[in-house]
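Visitor: test case, fold it:
(chains A, B, C and D)
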4 protein chains.
Amino acid sequence: MAKLYFYYASMNAGKSTLLLQADFNYRERGMRTLLFTAGVHDRAGRGRIDSRIGLEADATPFDADTDIHALVAASHGRARVDCVLVDEAQFLSHAQVLGLARICDELGVPVLCYGLRTDFRACLFEGSAALLGLADSLQEIKAVCACGAKATMNLRVDGAGRAVTSGAQTEIGGNDRYVALCRRHYMEQMRGC
Amino acid sequence: MAKLYFYYASMNAGKSTLLLQADFNYRERGMRTLLFTAGVHDRAGRGRIDSRIGLEADATPFDADTDIHALVAASHGRARVDCVLVDEAQFLSHAQVLGLARICDELGVPVLCYGLRTDFRACLFEGSAALLGLADSLQEIKAVCACGAKATMNLRVDGAGRAVTSGAQTEIGGNDRYVALCRRHYMEQMRGC
Amino acid sequence: MAKLYFYYASMNAGKSTLLLQADFNYRERGMRTLLFTAGVHDRAGRGRIDSRIGLEADATPFDADTDIHALVAASHGRARVDCVLVDEAQFLSHAQVLGLARICDELGVPVLCYGLRTDFRACLFEGSAALLGLADSLQEIKAVCACGAKATMNLRVDGAGRAVTSGAQTEIGGNDRYVALCRRHYMEQMRGC
Amino acid sequence: MAKLYFYYASMNAGKSTLLLQADFNYRERGMRTLLFTAGVHDRAGRGRIDSRIGLEADATPFDADTDIHALVAASHGRARVDCVLVDEAQFLSHAQVLGLARICDELGVPVLCYGLRTDFRACLFEGSAALLGLADSLQEIKAVCACGAKATMNLRVDGAGRAVTSGAQTEIGGNDRYVALCRRHYMEQMRGC
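Guide: Residues are numbered from 1 along each chain as shown, chains lettered A, B, ... in the order given. Have a look, this model is predicted:
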């Protein structure tokens, strides 16, 4: 039985590295994978997965109206797909996650999703909420807070390094606008505003 | 560092048994625990945790406006609380979960929450969404589908055993109105309507 | 694909309660289970699983020469076995664990083993070593140290409560000869001798 | 409380990549790490961690008589060490693992170990046995079998690709002498000899 995995983390935990390593493991065995990433995430160019540590790969970009299930089913019809890997999975819609579940349950292809758990206000993203509700396996990838504890929260900071407590869920801009913190230090920063 | 745990499951996985066993472990060591359960869950009486296997215990019932954090902080001020255990945690509000996080982070008391992940329409409960977003540790308690696979979904059935696809998230009524199923069989039943 | 699970813990974590709850979940669905426990563990009588919290059940006792695989295969040949549950799994031999793996891989029956990880000298039991090496899933059941940290070690104490650092791995006697401690406090006690 | 982690896997799961990513996460925050790897593992040169995907780093090589605890304690005395990372941890001795536990428990420094679980005969390595018995957290890194299932076992093959069932636990030679397989396919190959 193929499973739907959600590897969740805060910013800068190494999600893309783990995705690319899992992809490497499949391809090294001669197996066929399909990679997706959010079109909105274009740090390294649209349809490009990149990792801070230096690894990169091409992927199919998905937007709100991309039918990932149909794309995978069509490709699988031509040649067996052994694994589907989705980066920036927090940007998936609820319907897209239902489609990923069908890829597992009906096509028998495992789906590995990597994404943020919560946004800068500690709210779930749509894709994260759907995956936390439907995935067969929830696995945390650990980041570290400056205090040494596990970082699970994402603080958005302004140009002066001060916590931002409101605004759009997704903001075009670099990683330097976010700091991964443990919950205690995140809450202190948010209250300090 | 005290942690906030969310032990999530479908119906009939044994959540209350595990809660009562964890409580037993603490009390056996002479440690002090506080138990909470949802007031709306009154199968064995309001403020009563019961497990299908036969274990029971009294607990403080919580409703939408119960300030769990304040209750625990006050009790902790009188005598050290070693662990807080919350049953039917899917019924917590987002604010109550933030309060539980403060119990961990500010009072240093671990909090163990046990609850459903999703409702009969496969949507997160408010408490589950908050816990899936904020907990330090997400642990699944396994139930079994009739097919032998892991049951992760809750199907609501009518008197004739047919899938119910709409209605209030919470319905007063017995466990016999719900069947825990694996995702594949749940989806088949939901589509069959 | 059926899996071999090892639920490991220190003393007094509630292993037998979790086993009996898992068994309950299967039987409640009308599924058929087989229970085993170590013959040497006869606290509640040979072939009897008991839990400190008050739950009990009959089980087939196993000794060093019991061919668990053959017993399960024969029973499965008569009527489908849906799950095999083994308590006191630390007392399994390496060969018996290989047999349990065959039950999963060849008969397609999931096997859930519950047992201690290490003995009072912090050494693996034979059954634990085999399961830690071969199981598909290693899951910890948590006990609590007097300090509030997770208890992972088992201290053997003499009548006066002093740490015992040598002796037979298995000693007939009650739970009162053992104290579950976190590793730090266990090591302090062991060095103190 | 600092913890001792054992990230275990079969061959070719990506252990070194995950180690290097964790190390990157700490260093990116301006924190100080110490890396160790087995001296016997000199694929990329003695004291060199390398990953099939292309990442590399220098590390302190350890042999049977290296006192890792003393090295870390001395370094920590000069400047705070935030994390210790050990690759090829299956080659640690039992005593070295006890030393790593002391690094956690007495110095308060987390230790992340990455290594194989079992050798080509399905037996635990000395370091793996010690870590499986003493670690605070056991986490599996997944590899994939040619059949699509999780690979947990390491088959040693001869020049003609046939299973090798006896010989020294450690053999100097390349990854091409090993194939990661699921337990079912591993057992079939071992019986076939």
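Visitor: contacting residues around A:His76?
Guide: A:Leu107, A:Val109 (Cβ atoms under 8 Å, 6 or more residues apart in numbering or on different chains). Placement of C-beta: from N, CA and C, glycine included.
Visitor: give me the pLDDT value at it.
Guide: You'll see A:His76 listed with a pLDDT of 98.
Visitor: just say helix, strand or coil for it.
Guide: Following DSSP: H, G, I helix; E, B strand; the rest coil, we place A:His76 in the helix state.
Visitor: now it: how far from C:Arg27?
Guide: In this view, A:His76 and C:Arg27 are 39 Å apart by Cβ to Cβ, to the nearest Å.
Visitor: cool, and A:Glu140?
Guide: 33 Å.
Visitor: for these two, indicate the residue with more neighbours.
Guide: Taking neighbours as other Cβ atoms under 10 Å in any protein chain shown, A:Glu140 and C:Arg27 compare with A:Glu140 leading, 18 against 13.
Visitor: correct me if wrong: A:Tyr186 contacts A:Val157.
Guide: No - if you go by Cβ atoms under 8 Å, A:Tyr186 and A:Val157 don't touch, sitting 11.5 Å apart.
Visitor: just list the residues touching the spatially closest residue to A:Leu92 that is not a sequence neighbour, thanks.
Guide: In space, and not counting its chain neighbours, A:Leu92 is closest to A:Gly127: 3.3 Å by Cβ to Cβ, 6 or more residues apart in numbering or on different chains. Contacts for A:Gly127 (Cβ under 8 Å, 6+ apart) come out as A:Ala89, A:Gln90, A:Phe91, A:Leu92, A:Ser93, A:His94, A:Gln96, A:Val97, A:Cys113, A:Gly115.
Visitor: show me the contacts for the second one.
Guide: So that's A:Gln90. A:Gly115, A:Leu116, A:Arg117, A:Asp119, A:Phe125, A:Glu126, A:Gly127, A:Ser128 are the contacts of A:Gln90 under Cβ under 8 Å, 6+ apart.
Visitor: let me know whether the fifth one touches A:Leu131 as I believe.
Guide: In other words, A:Phe125. No - A:Phe125 sits out of contact with A:Leu131 when judged by Cβ under 8 Å, with a separation of 9.2 Å.
Visitor: overlap of the contact sets of these two?
Guide: A:Gly115.
Visitor: more crowded one of those two?
Guide: Using other Cβ under 10 Å as the criterion, A:Phe125 and A:Leu131 rank with A:Leu131 on top: 30 against 23.
Visitor: tell me, how many residues neighbour the residue in chain A that chain C sits nearest to?
Guide: Across chain A, the shortest distance to chain C (Cβ to the nearest Cβ) belongs to A:Met1, at 7.1 Å. Number of residues near A:Met1 (other Cβ under 10 Å) recorded here: 15.
Visitor: same check, this time on the one 10 residues further on
Guide: A count of nearby residues for A:Met11, using other Cβ under 10 Å, gives 19.
Visitor: and stretch A:57-72, what's buried?
Guide: Residues of stretch A:57-72 classed as buried: A:Ala57, A:Ala59, A:Thr60, A:Pro61, A:Phe62, A:Thr66, A:Ile68, A:His69, A:Leu71, A:Val72 (neighbour count, 16 or more other Cβ atoms under 10 Å in any protein chain shown).
Visitor: looking at these, which one is closest to D:Ala44?
Guide: Nearest to D:Ala44 among these is A:Ala57, at 22.8 Å by Cβ to Cβ.
Visitor: wait, what's in contact with the residue nearest to the spatial centre of chain A?
Guide: Centroid check for chain A by Cα atoms, centre = their mean gives A:Gly115 as the closest residue, at 1.9 Å. By Cβ under 8 Å, 6+ apart, A:Gly115 lies in contact with A:6-8, A:15, A:86-92, A:125, A:127-128, A:131.
Visitor: of the residues you listed, which is the most crowded?
Guide: A:Ala89 (32 neighbours).
Visitor: what sits against it?
Guide: Per Cβ under 8 Å, 6+ apart, neighbours of A:Ala89: A:Phe6, A:Cys113, A:Tyr114, A:Gly115, A:Gly127, A:Ser128, A:Leu131.
Visitor: nearest residue to it in space, please, no chain neighbours.
Guide: A:Gly115 (3.3 Å).
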